[in-house]
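Q: what would the 3D arrangement of this be:
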Amino acid sequence: MNTELKEALEILGKERNIPKEALLEAIESSLLTACKNHFGKADNCTVSIDKDTYEYRIIQTKRVVDKVEDPVEEISLPDAMMIDKKVQIGDTVDISIDSQKFGRIATQNAKGVIVQKIREEERNSLYRDFFEHEHGIMTGVVQRNLGRNISINLGKADAILAENEQIKGETLKPNQRIRVYLLEVKNNPRGPRISVSRTHPDLVKCLFTEEVSEIKEGVVEVMAIAREAGSRTKMAVVSHDENVDPVGACVGVNGTRVNSIVDELGGEKIDIINWDDNPAFLIENALSPAKVICVVADEDSREAVVIVPDYQLSLAIGKEGQNARLAAKLTGYKIDIKSESQAEESGLLEELGMQLSEDGEYAEDGYYEGEYAGEEYEDGEYASDEEYAEGAEEVYEDAPEDGEQA
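A: Numbers count the residues shown, from 1 in each chain. Predicted coordinates for the structure are as follows:
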C-alpha cells in the first residue's frame, strides 16, 4: 500500500472538499502527461490506480516486430521473449514503466497537471456547495463597495449585491453581518459567481421558514408574498392543522418571531394575513388593516371591486397607494376601491343589495356582505350588523371618536 500517497490525498480532499475519485483522476492524467513528455507520445500508455491501496502502475503496450522502427510502440522479438517466452511476431506485450525515471521537465509538467486539476475540482466543489443554496438564504459579511455594488463574503466565496438588489435607504457598513437571498449561482473559470439580493420577496419567506418551526415542519404554509423592500411586506399564510393559528404562529409570543425578522430587514413593516381560497375573503384580508363593507370578485377577469366606509378609504388605499398595490400583488387581482358614498352615488350599493343572500355570506353570483350593515348615519358612524338588523336608527352615544364601528 502506498501509505504516503493515501494520507496526502485524504488530507487534501478534506481541506479542499474534493472527492477522492477526482484526485485519483488528476494523478492518472498527470502520469499520462509525464509519459507523453518523456516518450514523445502516450497513445499506447495506460495508468491503473487501485482505489483501496493507492498503488498505481504505468503500462506501455508494444507490438512485437522483426525490425524495430519505432521504439516507443515496437519491440524486437528477442526483447519481447524476455518478458513472455511464448510471444510471437505480431503479438503485443505490456511493459511496466518506472515513473521515477521520468526527466525533470516531465515531472514538472505532471505536477502542473495535478495542481490545475485540483484547482478545477476546488472551483467545482465550491460551485456545487453554493448551487445547493440557490434560491435560499445565507449569512454574509459586508466587505467593500464595488462602485454602486457591494461585495459580500459568504465564507468560501464572495457574492455581489447589485445596486438594484439593495434595500432603498439601507446603509451597510464593512464587517456588518447580514442575511441575503441567493438569486443565482454561475460557474466560471475564476470560481462561482454568486448574485444575492436583499429585496427579493422570498428573502422574507426564507427568514420566516427559519424562524417559525411550524412553517419548517409544514404545519403552516406561506401561500403568497408581496413586498416593497424597505417599506412594507404582506404575507398570506394558511394552517394545515385546525388547532394551529397560522398568523399567531408567525407573529410569536409578544411578537418575538416577527420582530426578529423586522429587525433583520431594518424596520420593514410586515402584515401577516390569513389565506382564503375564496378570492373575495382573501382580498378583504389583504386590504387589512382597512375595514371592508363589500367585495365583488370576478375570477375570470381577475378583477375586483371593493367598497369601504368613507373614513376607511384613505387607509384602504394606503400612503401613495401602497396598501392597495400590495393587496393586488398578493391576490393577483386588479382591485378597484370605492368609498360607500361613491358606490351609493353610482347605484352600486343598490345593485349589490339586490343580489346579496339573506345570511350575508356569498351569494350565487359571488357577492359578499362584510361586517358593516352599509347604511350611513348622520354622523358618519356605522352600527353593528346585529344592531342594524334590529332596525336601530339612532347614533349610539358611546360610538368611538376614531371612526370605528359601534
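
Q: how far away is the residue positioned nearest the centre of the chain from residue 251?
A: Central residue of the chain (C-alpha atoms, centre = their mean): residue 135, 1.4 Å from the mean position. Distance of residue 135 to residue 251, given as C-beta to C-beta, to the nearest Å: 26 Å. Any C-beta I mention is one placed from the backbone N, CA and C, and that applies to glycine too.

Q: same deal with residue 83?
A: Using C-beta to C-beta, we find residue 83 at a distance of 82 Å from residue 251.

Q: of the two, which one has the most company?
A: residue 251 (17 against 14; other C-beta atoms under 10 Å).

Q: my guess is the more buried one contacts residue 272, does it?
A: Yes - the pair residue 251 / residue 272 is scored as a contact, 6.4 Å apart, by C-beta atoms under 8 Å.

Q: what is in contact with the two at once?
A: Both residue 251 and residue 272 are contacted by residue 258, under the criterion C-beta atoms under 8 Å, 6 or more residues apart in numbering.

Q: residue 87 is in contact with residue 81, correct?
A: Yes - the criterion here is C-beta under 8 Å, and residue 81 meets it with residue 87 at 5.9 Å.

Q: quick one, helices of the stretch 151-300 of the chain?
A: For the stretch 151-300 of the chain, the helices defined by DSSP state H, counting those that start in this stretch cover 201-211, 213-216, 246-251, 256-264, 279-286.

Q: can you pull the pLDDT of the nearest residue to residue 334 once chain neighbours are set aside?
A: Closest residue to residue 334 apart from its sequence neighbours, by C-beta to C-beta, 6 or more residues apart in numbering: residue 303 at 4.7 Å. For residue 303, the model assigns a pLDDT of 93.

Q: how about residue 372?
A: You'll see residue 372 listed with a pLDDT of 38.

Q: need the helices of the stretch 151-300 of the chain in a markdown table (columns: mean pLDDT and distance to residue 35).
A: Output for these, formatted as a markdown table (pLDDT from 0 to 100; distance: least, C-beta to C-beta, whole Å):
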| stretch | mean pLDDT | distance to residue 35 |
| --- | --- | --- |
| helix 201-211 | 95 | 52 |
| helix 213-216 | 94 | 55 |
| helix 246-251 | 95 | 64 |
| helix 256-264 | 94 | 57 |
| helix 279-286 | 94 | 70 |
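
Q: most tightly surrounded among these?
A: helix 279-286 (a mean of 24; mean count of other C-beta atoms under 10 Å).

Q: which strands and helices sit next to the helix or strand containing residue 110?
A: Using DSSP states H and E, residue 110 falls within helix 104-131. Secondary-structure packing of helix 104-131 (3 or more C-beta pairs under 8 Å, 6 or more residues apart in numbering; DSSP states H and E): helix 3-16, helix 20-39, strand 177-186.

Q: tell me which residues of the longest one are tucked away?
A: So that's helix 20-39. For helix 20-39, the neighbour count (16 or more other C-beta atoms under 10 Å) marks 22-24, 26-39 as buried.

Q: how much distance is there from that helix to the middle of the chain?
A: Put simply, helix 20-39 sits 39 Å off its chain's centre (C-alpha atoms, centre = their mean, to the nearest Å).

Q: what's the burial count for the nearest residue to residue 176 once chain neighbours are set aside?
A: Setting aside the residues directly before and after it, residue 176 is nearest to residue 142 in space (C-beta to C-beta, 6+ apart), at 4.6 Å. Neighbour count for residue 142, taken as other C-beta under 10 Å: 18.

Q: got it, and the one 4 residues further on?
A: Residue 146 has 12 neighbouring residues, counting by other C-beta under 10 Å.

Q: low-confidence ranges, the protein, go.
A: 1-2, 352-406 (pLDDT under 70).

Q: got the domain boundaries for it?
A: Following automatic domain parsing, one gets these domains for the chain: 3-127, 133-196, 200-275.

Q: just those domains: most buried one?
A: Highest mean neighbour count among the domains of the chain (mean count of other C-beta under 10 Å): domain 200-275, with a mean of 18.

Q: how long is that one end to end?
A: Taking C-alpha to C-alpha, to the nearest Å, domain 200-275 runs 21 Å from one end to the other.

Q: if we can go back for a sec, now the helices of the stretch 151-300 of the chain in TSV, with distance to residue 341?
A: Formatted as TSV, the helices of the stretch 151-300 of the chain follow (distance: least, C-beta to C-beta, whole Å):
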stretch	distance to residue 341
helix 201-211	35
helix 213-216	42
helix 246-251	32
helix 256-264	36
helix 279-286	20
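
Q: mind checking which of these is nearest residue 294?
A: Taking C-beta to C-beta, helix 279-286 is the member of those nearest to residue 294, at 8.8 Å.

Q: what helices and strands are in contact with that closest one?
A: strand 232-239, strand 269-274, strand 294-298, strand 303-308, helix 322-331, strand 367-369.

Q: make TSV out of these and add distance to residue 43.
A: Below are these laid out as TSV (distance: least, C-beta to C-beta, whole Å):
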stretch	distance to residue 43
strand 232-239	64
strand 269-274	67
strand 294-298	73
strand 303-308	72
helix 322-331	64
strand 367-369	80
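
Q: closest to residue 108 out of those?
A: strand 232-239 (58.6 Å).

Q: got the contact list for that closest one?
A: With C-beta under 8 Å, 6+ apart, strand 232-239 has contacts from 201, 204-205, 208, 214-215, 219-227, 245-247, 249-250, 265, 268-275, 282, 285-286, 322-323, 326-327, 329-330.

Q: partner strands of that strand, with direction?
A: Neighbouring strands of strand 232-239 in its sheet, by DSSP bridges, are strand 220-228 (antiparallel), strand 269-274 (parallel).

Q: with distance to residue 117 as new columns, can the ones you listed be given to me in TSV?
A: Below are the strands paired with strand 232-239 laid out as TSV (distance: least, C-beta to C-beta, whole Å):
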stretch	distance to residue 117
strand 220-228	44
strand 269-274	49
